[in-house]
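>>> structure for the following, please:
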Amino acid sequence: MPIVSRIVPELDLLYVLVVGESSMESLIDYRSTKMNIALLDHPNLSILVDFTKGDVEIGLPAIKALMKINKQEYEAKGDLLKTVVVSNSSFSMIMAETIRLIGDGLPLKLEVYTTVPDALKGLGLEDHLERIITMREEMLLGGDTTDL
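Residues are numbered from 1 along each chain as shown. This next block holds a predicted model:
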């Protein structure tokens with residue numbers, strides 16, 4: 001169960017949870033396939049990617065591949081979805097800054113937080129913290145999880 005996710009349609013939220021070790025290639029594949037399918041049905045979702053229970057090795061080629069996906073999305077829709085990343089790794093903060101620097105002029109909506117409560121606040125969803133934490137625990141246990 002390295003990458004699982006759940007859509008919370010009434011909150012316009014796609015919650016992606018990375019558990020254990022995963023590769024950036026797996027995350028990019030997940031983003032370009034399974035997440036795109038979800039976004040067809042829910043085009044206005046904000047995306048929260050939670051790395052607090054997992055880790056992803058990342059390099060410049062993977063960042064460039066992610067930027068290519070963002071560029072295609074921007075060209076198709078004229079906008080990019082708000083994405084927040086939760087990680088207790090300083091490397092994730094560096095990664096986010098690198099993405100912003102090589103953003104190729106795209107209006108990126110990317111923020112990095114160190115806690116889920118802070119990320120929810122950044123999305124304006126702080127009133128739903130208890131619900132999201134319960135959902136996250138269910139996802140970790142493998143119960144009632146909708147893997148896209």
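
>>> for the most centrally placed residue in the chain, list each beta-bridge partner.
The structure's the chain has its C-alpha centroid closest to residue 49; by Cα atoms, centre = their mean the separation is 2.9 Å. Beta-bridge pairing of residue 49 under DSSP bridges involves residue 16, residue 85.

>>> quick one: the longest helix along the chain to chain centroid distance?
If you go by DSSP state H, the chain has its longest helix at helix 60-77. Relative to its chain's centre, helix 60-77 lies at 14 Å (Cα atoms, centre = their mean, to the nearest Å).

>>> please apply the same query to stretch 51-70.
Here stretch 51-70 shows a centroid-to-chain-centroid distance of 10 Å under the convention Cα atoms, centre = their mean.

>>> which parts of this protein are strands?
Secondary structure of the chain (DSSP state E): strands at 3-8, 13-23, 46-57, 83-86, 110-113.

>>> out of the ones you listed, deepest packed?
Among the strands of the chain, ranked by average contacts under mean count of other Cβ atoms under 10 Å, first place goes to strand 83-86 (a mean of 24). Where you see a C-beta, it was placed from the backbone N, CA and C, and this is true even at glycine.

>>> and that one, C-alpha only, in PDB?
The C-alpha trace of strand 83-86 is given here as PDB (Å, rounded to 0.1, in the frame of the first residue of the first chain):
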ATOM      1  CA  THR A  83      -1.700  21.200  -4.200                       C
ATOM      2  CA  VAL A  84      -0.400  21.000  -0.600                       C
ATOM      3  CA  VAL A  85       2.300  18.700   0.500                       C
ATOM      4  CA  VAL A  86       2.700  17.500   4.100                       C
END
